[in-house]
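Participant: one predicted model, sequence on top.
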Amino acid sequence: RLQLEESGGGSVLAGESLRLSCIASGSTYSRYCLGWFRQVPGKEREGVAAIDKDGSARYADFVKGRFTVSQDNTKNTLFLQMDNLKPEDTAMYYCAADRDFYGLDAEYNYWGQGTQVIVSS
């Protein structure tokens, strides 16, 4: 069974950068579509970025031009480079994987536990 573990969250100032990582165990990333999501208390989980098995990616409008999703299949690791962070980016960030589903809806079968990102003005 695929297991996911995020890391790289932290507390930064607006305009700074963070890189989140999500390492997989139990299977290989190359067989899955992958995504990053975020959630704040009281709100629904929202899609941030997704990457398909062929490497094509899509982004939520609110992160386009600031966030970049990538993966290193040799290390079974998914990344989310977040630049020019804003206070509204503060959330718990989750990685997700699914053998078939690709997109920014929270329809993935496998989820990590999340890593907290706090952006202060």
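Facilitator: Ah, there it is. Owing to the predicted nature of the structure, the values given are computational and were not obtained by experimental measurement.
Participant: list the beta-bridge partners for the most centrally placed residue in the chain.
Facilitator: The chain has residue 36 as the residue nearest its centroid, 2.4 Å off, counting by C-alpha atoms, centre = their mean. Beta bridges link residue 36 to residue 49, residue 95, judged by DSSP bridges.
Participant: that one and residue 113, how far apart?
Facilitator: Computed as C-beta to C-beta, to the nearest Å, the residue 36 to residue 113 distance reads 14 Å. Quick note: C-beta positions are derived from backbone N, CA and C, even for glycine.
Participant: joint contacts of those two?
Facilitator: When contacts are counted by C-beta atoms under 8 Å, 6 or more residues apart in numbering, residue 36 and residue 113 have residue 94 as shared neighbours.
Participant: isn't the residue nearest to the centre of the chain right up against residue 94?
Facilitator: Yes. Contact criterion C-beta atoms under 8 Å: residue 36 and residue 94 qualify, at 7.2 Å.
Participant: gap between residue 101 and residue 35?
Facilitator: 9 Å.
Participant: mind checking which of the two has more residues around it?
Facilitator: The neighbour comparison of residue 101 against residue 35 (other C-beta atoms under 10 Å) goes to residue 35, with 31 against 16.
Participant: contacting residues around the more buried one?
Facilitator: The neighbours of residue 35, taking C-beta under 8 Å, 6+ apart as the test, are 47-51, 95-98, 102-104, 108.
Participant: shouldn't residue 19 be within a strand?
Facilitator: Yes. Membership of residue 19 in a strand is supported by DSSP: H, G, I helix; E, B strand; the rest coil.
Participant: bridged to the nearest residue in space to it that is not next to it in sequence, which residues?
Facilitator: Take residue 19 and drop its neighbours on the chain: the residue closest to it by C-beta to C-beta, 6 or more residues apart in numbering is residue 81, 5.0 Å away. Under DSSP bridges, the beta-bridge partners of residue 81 are residue 19, residue 68.
Participant: make residue 1 into 614 and carry on from there
Facilitator: All set: I'll call the first residue 614, so the last point we hit is now residue 694.
Participant: residue 694 contacts residue 679, doesn't it?
Facilitator: No. The pair formed by residue 694 and residue 679 falls short of the contact definition of C-beta under 8 Å, at 9.1 Å.
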